[in-house]
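Undergrad: Prediction below, plus the sequence it came from.
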Amino acid sequence: MLAGAAALAAAGTTAGCSGGDDGGDGDTGPAHAERLRRRAAAESRDLLRRYDATAAAHPALAAALDPLRGDVARHVAALGRGLPADTRAASPAGGVAGPADRADAAPPPPARKRGGPEVPADPAEAVAELAAAEQRTARAHTAALAAAPGEFARLLASVAAAGATHVYLLGETT
């Protein structure tokens, strides 16, 4: 079921991930918009790490999770678009940051024994925790909508909706 759900997610949950400029409504300054963008990108980057850790801990789930992980990677890139180049994603090897380490670039696929969030040994529990992380991230993006300027608010809404869809697809019930 998860594989079919993941295919459905890949087909339709990233339509609004184009990023765009903040445009602004005139109510908030550029520094405020940048802080919102940094926070949203960091929240989605943490979620991406959870996907990577889950796939590494449960290789049998990796193929089913990959389309959802791909969506989240695109969300990280879209949310980070427009941030200064000194905003770095975590470098996989802790080495020198290159173009792929910019905030608007999607992090690489998971390495197999990289540190990350704790993942339950039971695959069903691991997926449930992943769904809970998706839900927390979607709620955080939704909460940020009220303070976000124009185009960025639309992006946040789209990413939050995709996250809610991921929760459903992962089998989380509320």
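TA: Nice, thanks for sending it over. Numbering: from 1, shown residues only.

Undergrad: now the helices for the protein?
TA: Assigned by DSSP state H, the chain shows helices spanning 2-12, 30-57, 59-80, 123-144, 150-169.

Undergrad: quick one: which of the ones you listed is nearest residue 116?
TA: Comparing the helices of the chain against residue 116 with C-beta to C-beta, the closest turns out to be helix 30-57 (3.6 Å). (C-beta placed from N, C-alpha, C; glycine too.)

Undergrad: relative to helix 123-144, how tilted is that closest one?
TA: 170 degrees (axes from the mean of the first three to the mean of the last three C-alpha atoms, to 10 degrees).

Undergrad: List the buried residues in helix 30-57.
TA: The neighbour-count criterion (16 or more other C-beta atoms under 10 Å) identifies 33, 36-38, 40-57 as the buried residues of helix 30-57.

Undergrad: Run through this protein and note the low-pLDDT ranges.
TA: 1-28, 85-115, 172-174 (pLDDT under 70).

Undergrad: One more pass at 80, please.
TA: 1-28, 84-116, 172-174 (pLDDT under 80).

Undergrad: pretty sure residue 134 contacts residue 167?
TA: Yes - contact criterion C-beta atoms under 8 Å: residue 134 and residue 167 qualify, at 4.9 Å.

Undergrad: who's more crowded, the two?
TA: residue 134 (25 against 21; other C-beta atoms under 10 Å).

Undergrad: quick one: contacts for the more buried one?
TA: Listed by C-beta atoms under 8 Å, 6 or more residues apart in numbering, the contact set of residue 134 reads 47, 163-164, 166-167, 170, 172.

Undergrad: try 7 Å
TA: Each residue near residue 134 by C-beta atoms under 7 Å, 6 or more residues apart in numbering is listed here: 47, 163, 166-167, 170.

Undergrad: Show me which of those residues is closest to residue 125.
TA: residue 170 (12.0 Å).
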